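> structure for this input, please:
(chains A and B)
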Amino acid sequence: DAGITQSPRYKITETGRQVTLMCHQTWSHSYMFWYRQDLGHGLRLIYYSAAADITDKGEVPDGYVVSRSKTENFPLTLESATRSQTSVYFCASEGLAGGPGTDTQYFGPGTRLTVL
Amino acid sequence: AQSVTQPDIHITVSEGASLELRCNYSYGATPYLFWYVQSPGQGLQLLLKYFSGDTLVQGIKGFEAEFKRSQSSFNLRKPSVHWSDAAEYFCAVAVNRDDKIIFGKGTRLHILP
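Residues are numbered from 1 along each chain as shown, chains lettered A, B, ... in the order given. Reported below is the predicted structural model:
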């Protein structure tokens, strides 16, 4: 399917476990992003990537790890999940022209993660 | 650092009434400005964006926004809302072409029948 997809859509895990959230886009967009959405905080950028093998921290990167070995995939890993990481996670991608913030960001449907 | 403020957490309007959602940004120069909508259980969809030029920007679904430099504002408007407009709306800002987008905390729009 064309577009941007996330998996799983729902995940329940326990404190201390490693969890990986997947993001896949079919447009060959250069930029990809991970956000978390929490009540009272809106969307906060966790990590972003300008291209394969290039990643950078966003506003709230602590406790998360990302990789980008292929342009179309941008997995987000919680190495040791904590309750404070219970949130809805959104992946987004954006075209190359003009760099981030100048083109349209397309969002995935989100992953609702609960850490018990 | 740049920031964006949406002063209204919730807004309730009657179906058919006009709508204005407020957004203020903090930055000395002209930033890149966006409005996104999020329907329940969905991701975000871009409504419109402003980079330069005409300060009145037309978007999808009948929305428009006006950039006012003197007020550091980028308010979203719609002349007549429909029940399907009930959603959460996010204003966002990027300082320049190489910067990341910063989102406001959102305004939830409720529509009365």
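
> contact residues of chain B facing chain A?
Within chain B, the positions adjacent to chain A are B:32, B:41-46, B:49, B:51, B:90, B:94-106 by Cβ under 8 Å from any Cβ of the partner chain. Backbone N, C-alpha and C define where each C-beta goes, glycine included.

> neighbours of the residue in chain B that chain A sits nearest to, how many?
Nearest residue of chain B to chain A: B:Ala94, at 2.7 Å (Cβ to the nearest Cβ). Residue neighbour count, defined by other Cβ atoms under 10 Å in any protein chain shown, stands at 23 for B:Ala94.

> same thing with A:Val66?
Around A:Val66 sit 22 other residues, with neighbours defined as other Cβ under 10 Å.

> leaving out chain neighbours, which residue sits closest to it?
Closest residue in space to A:Val66, ignoring its immediate chain neighbours: A:Tyr47 at 4.4 Å, by Cβ to Cβ, 6 or more residues apart in numbering or on different chains.

> can you list phi and psi of the one you found for me?
Backbone dihedrals for A:Tyr47, given as degrees, to the nearest 10, come out at phi -150, psi 160.

> list the contacts for it?
Taking Cβ atoms under 8 Å, 6 or more residues apart in numbering or on different chains as the contact definition, A:Tyr47 lies against A:Phe33, A:Trp34, A:Thr55, A:Asp56, A:Lys57, A:Gly58, A:Pro61, A:Tyr64, A:Val66, A:Leu76.

> got it, and A:Thr104?
Neighbouring residues of A:Thr104 by Cβ under 8 Å, 6+ apart: A:Glu94, A:Gly95, B:Leu46, B:Lys49.

> now A:Arg83
Counting by Cβ under 8 Å, 6+ apart, A:Arg83 makes contact with A:Thr15, A:Val115, A:Leu116.
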